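Participant: with the sequence up front, the predicted model follows.
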Amino acid sequence: MNAEVMVGWTVGALAPGFRSFLWIASGLIVLGVGLLLASRRGRPAYRRRAALIGRYLLLIILAMIVLFPIYITVVDSLLRSDQVVSRPPILFPLHPQWSSYSTAWTQGHLGRYLLNSFIVTTVIVAGELVTSIAAAYAFAFLHFPFKRTLFILFLATMMVPLEVTFLTNLSTVVSLGWYNTYLGLTVPFLATGFGAFLLRQSFLGLPRDLRDAAKLDSAGHWQFLRHVVLPIARPSVAALGIFSFFGAFGQYLWPLIVTKDDRLRTVQIGLKFLTNSQLNNFNVIFAGTVLAALPLFVLLILFEKQLVRGLTAGAVKG
Amino acid sequence: MNRTRTDWNRTRQMKVTGRRRGALASAIPALVMTAAVGAGTLTLPEVAVAAVAPPATKVVPSACRLSALAAARTPVQITMWHTMTQTNNAWLESAVGQFNSSQSKVHVTLVQQPDYKSEFVKYKAGLSSGDLPDLAQFEDTTVQQLVDSRSTVPVQDCIAASHYSLSDYLPRALSFYRYHGVQQSMPWAVSNVIMYYNPVTFQKAGLDPNKPPQTFAQVTADAKKIVASGAAKHGVALPAKPYVFEFLLAKSGGQYVNNGNGRIARASQAGLTSPTALKVWQWWNQTLTSKLGLATGSDPNNIDHLIAIATGNAAMTFEASGIIGPAEAVLASGQYPGVKIRTAPLPALVTGGGVPVGDGSLWISAHSSLAKRAAAWKLIQFLDSPQEQASLATESGYVPVRVSATRSPGLVSKWTNDPNYKVGYTQLTTGRLNNANIGSLIGDYQGVRNAVADGLEQMVIGKLSPKAAASFAQNEANAAIQNYNGRIGTS
């Protein structure tokens, strides 16, 4: 589904109730800030408590703002489509209509599309991890001529926008005979400069002494990588995997252009079809959106810790 | 419903792959959106097209050699891209199935594309990847670009080669897809923007539901009565969609772009500040500031204006004729008891104007072999036959492009039982064909539409006066037009 439609629609649905929401939200913000300011005075015990409450109030408001679109998507997927458009908006489904999910699943052929997305995403994530780890290891621990130049070349690929390589990639894929195949969908994304860069930075953070110690124990590169580097750099590797997953899973234009028919189309294209064929069944569109986003949620919940650690890795030395 | 009006210039902001990881980190909270559209943006560069086709303004019957098909021993396989969804898709599949089994010379494979926009992006990428259809349904806004790409065979070549008669076609259905006298594509699944209104609200307000307003002044007068009587909160819902504005302007006699809407010569400027256009802007603004009108969103997929009718927020609105079916289906499902819907020709500044045609026509690829071109032409003749046109119009809100189709018993009874469906046809056949309603030829059509949407938005939120909004849109549209013209080297 088109982001503009989603945003426009959500704002539209909220418009009547929006003002009261803004009042409550700004009230809570004022309260939170007030408590934070107040916490500068008074007895230490009160101070601490006021600061804590104030901080949480602010966080709750921010979390609400962030989570509301997701919440309303789930709610709307469980309403009847006339309830979805009712004003003021219904914010909780008293009689959840689960049938919208089965409609989205069967009529939108989401099973097939999700399977394709799953295959493509898995291959891309696995491929990108392997190539990135290998490249990053070489840049971090090996000595070879033109290392710096090569690394700069790697970095340079990050600065080339996708649109520059898009058609070139397309004609390469076509000339290799990979048009309308899983190869065409995956191979162009198996190696990225970003992955090598991210992991190299993380590998460089390892003390050189570790390498020397491993050498003394007569560990080869492979053993050192497997038993020392990867366990320590796990958060960064996991973060790269997750980013790679999000990127691959969210692709729209590339799969649209390198595939010919339904057999290989991915879930984002499926969602577009669903949106166009269920234009007045909002609940079904929302249900399809939830289904398509589900793998991302699951991944996020499973790897939340690694993700956050990976993002902050390198931010603080030590 | 097939009114997904878009154009390719938006590909410059096309949502694609999430290869920009930096953006992703901040996008995690908006997971739902990310999942739906992918993060990051992508610009498709201009596709350089080898001039495989003869010039669009010359008729070359040999480019559509019918003997090539006759000489083929095995069935000629052709692919057709289309954007039909739901019941329309089912209709097309059965029609093409019939075509395939009725003869042994041509076999057609249908490929459904998500929407006009994605289809056109894919087509342009196909010009370098080689994945091209032999026949494709493209929307009206792409005519100039397709002509400039020289990647299609003007159907005029086939018309000339087969001595095909166009006399049964509605002149205005043909005219949009003609370029300097040469027919580029055949009108097929066409529609136009009409008025939708709730007759129950009209009655409550003491108005005659059989006499919907025909001019802007009448809309205002009726809206006043509707609001005063409390029959509905607003008289008319005005969606800030550029194509609605376009149709209101065309029917009022205003040209969207200069040089005869791009027909006499390539358009170099928009016509958004002409006296006629200014009156449209002013009426729009007055209607909203007087609270007689309700402003709704500009996105092509937005249906808030229709929902306003369903929920009693407004009594009238404007939208493409293609959505009659879905709209009636929604009402029939009982979601909005007591709400009825009727259609009428669009109101305008003055009576007597006409509207252009909109939506899909069929294009033949110049990359296809002569036999495939001839096969595609055979399929076009089938899909454009009076029977199939009548059948499509009976199934959907599309307007038949041929006069004789309207005599088909099926369509006659459909229109008698539900006159809502006839309005698009009536509107397309009334008023004289002129440069205002012939349909605009603009390379960067979407750029002009974006400009109109931006102008409307500035006016609707009260930031700009109608006159200032018009010049704001005019400047933005001019820049888009001149940019395109500059890129293809004609400015």
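Facilitator: Right, received. Where do you want to start?
Participant: what's near enough to touch the residue in the stretch 51-200 of chain B that chain A sits nearest to?
Facilitator: The nearest approach of the stretch 51-200 of chain B to chain A comes at residue B:114, 3.9 Å away (C-beta to the nearest C-beta). Using the backbone N, CA and C atoms, a C-beta is placed for each residue, glycine as well. Counting by C-beta atoms under 8 Å, 6 or more residues apart in numbering or on different chains, residue B:114 touches A:256, A:269, A:272, A:273, A:276, B:83.
Participant: and what of residue A:101?
Facilitator: Neighbours of residue A:101 in contact, by C-beta under 8 Å, 6+ apart: A:77, A:287, A:290, A:291.
Participant: what's around the first one, how many residues?
Facilitator: If I follow you right, that is residue A:77. 25 (other C-beta atoms under 10 Å in any protein chain shown).
Participant: cool, the last one as well?
Facilitator: By the measure other C-beta under 10 Å, the count of residues near residue A:291 is 23.
Participant: for residue A:168, same thing?
Facilitator: Using other C-beta under 10 Å, residue A:168 has 12 neighbouring residues.
Participant: what sits against residue B:206?
Facilitator: Per C-beta under 8 Å, 6+ apart, neighbours of residue B:206: B:225, B:229.
Participant: and if we set it to 6 Å?
Facilitator: When contacts are counted by C-beta atoms under 6 Å, 6 or more residues apart in numbering or on different chains, residue B:206 touches no other residue.
Participant: quick one, phi psi at it?
Facilitator: phi 80, psi 20 (degrees, to the nearest 10).
Participant: against chain A, how distant is it?
Facilitator: Counting by C-beta to the nearest C-beta, to the nearest Å, the separation of residue B:206 from chain A is 27 Å.
Participant: low-confidence ranges in chain A?
Facilitator: A:1-21, A:87, A:279, A:310-318 (pLDDT under 70).
Participant: and what of chain B?
Facilitator: Residue ranges of chain B with pLDDT under 70: B:1-55, B:490-491.
Participant: got the domain ranges for it?
Facilitator: Under automatic domain parsing, the residue ranges defining each domain of chain B are B:8-191+B:358-407, B:201-355+B:444-487.
Participant: so which of those gets nearest residue A:199?
Facilitator: Among the domains of chain B, the nearest to residue A:199 by C-beta to C-beta is domain B:8-191+B:358-407 (12.6 Å).
Participant: alongside chain A, which residues does the stretch 201-350 of chain B contribute?
Facilitator: B:297, B:299, B:301, B:304, B:307, B:326, B:330, B:335 (C-beta under 6 Å from any C-beta of the partner chain).
Participant: for the first one, what are phi and psi?
Facilitator: Same thing as residue B:297. phi -70, psi 160.
Participant: quick one: it from residue B:304, how far?
Facilitator: According to C-beta to C-beta, to the nearest Å, residue B:297 and residue B:304 sit 6 Å apart.
Participant: and the last one, by the same measure?
Facilitator: Here residue B:335 is placed at a distance of 16 Å from residue B:304 (C-beta to C-beta).
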